[in-house]
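Participant: Structure here, sequence nowhere to be found:
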């Protein structure tokens with residue numbers, strides 16, 4: 001978590017989707033679950049969890065609902081024009097949104113705090129730094 005960041009903006013590659021977040025992130029991580037691998041097109045996805053009430057979004061989002069490794073349903077949201085993965089809605093915790101770090105206008109402030117779902121991690125994926133690792137979700 002980054003205490004000094006209280007608002008930020010982001011969007012998709014083509015500019016059709018734009019969002020403003022007016023709340024401090026509650027959780028940041030590199031998620032290695034198989035579903036995040038699909039969504040990121042790589043070994044893991046870097047995520048920023050925020051209060052849904054603090055996010056204002058414009059543009060036409062597509063969606064795809066999946067059952068995650070945790071057994072919970074998630075809806076992956078993406079730009080319907082360029083396909084950029086934007087966020088995940090967690091059906092079990094609708095008060096939060098999971099934003100994809102790559103969509104931040106300025107991602108330089110982001111400091112992920114943990115690696116999660118490492119039990120699904122790929123042997124060819126390099127992990128960054130000495131962050132704590134959890135085989136599933138922490139807590």
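Facilitator: The structure has been received and is ready for your questions. These numbers come from a predicted model, not from an experiment. Numbering: from 1, shown residues only.
Participant: quick one: residue 18 and residue 60 touch, right?
Facilitator: No. Counting by CB atoms under 8 Å, residue 18 does not reach residue 60; the two are 11.5 Å apart. Quick note: C-beta positions are derived from backbone N, CA and C, even for glycine.
Participant: These two: which is more packed in?
Facilitator: Legend: neighbour count by other CB atoms under 10 Å for residue 18 and residue 60, higher for residue 18 (15 against 9).
Participant: Beta-bridge partners for that one, please?
Facilitator: For residue 18, the beta-bridge partners are residue 11, residue 58 (DSSP bridges).
Participant: who are the neighbours in contact with it?
Facilitator: By CB atoms under 8 Å, 6 or more residues apart in numbering, the residues touching residue 18 are 9, 10, 11, 57, 58, 59.
Participant: now residue 135, what's its secondary structure?
Facilitator: Recorded secondary structure, residue 135: coil (DSSP: H, G, I helix; E, B strand; the rest coil).
Participant: Please apply the same query to residue 119.
Facilitator: State at residue 119, reduced to three classes by three-state DSSP: helix.
Participant: swap in residue 39?
Facilitator: Assigned with three-state DSSP, residue 39 falls in the helix class.
Participant: State the number of residues packed around the closest residue to it other than its chain neighbours.
Facilitator: Nearest residue to residue 39 in three dimensions, chain neighbours excluded: residue 85, at 4.9 Å (CB to CB, 6 or more residues apart in numbering). As a burial measure, residue 85 scores 21 neighbours (other CB under 10 Å).
Participant: what about the residue nearest the centre of the chain, helix or strand, and which?
Facilitator: The centroid of the chain falls nearest to residue 47 when counting by CA atoms, centre = their mean (3.0 Å). Using DSSP states H and E, residue 47 maps to strand 45-51.
Participant: buried residues in that strand?
Facilitator: 45, 46, 47, 48, 49, 50 (16 or more other CB atoms under 10 Å).
Participant: of all those residues, which comes closest to residue 112?
Facilitator: When these are compared for distance to residue 112 (CB to CB), residue 46 wins out at 5.8 Å.
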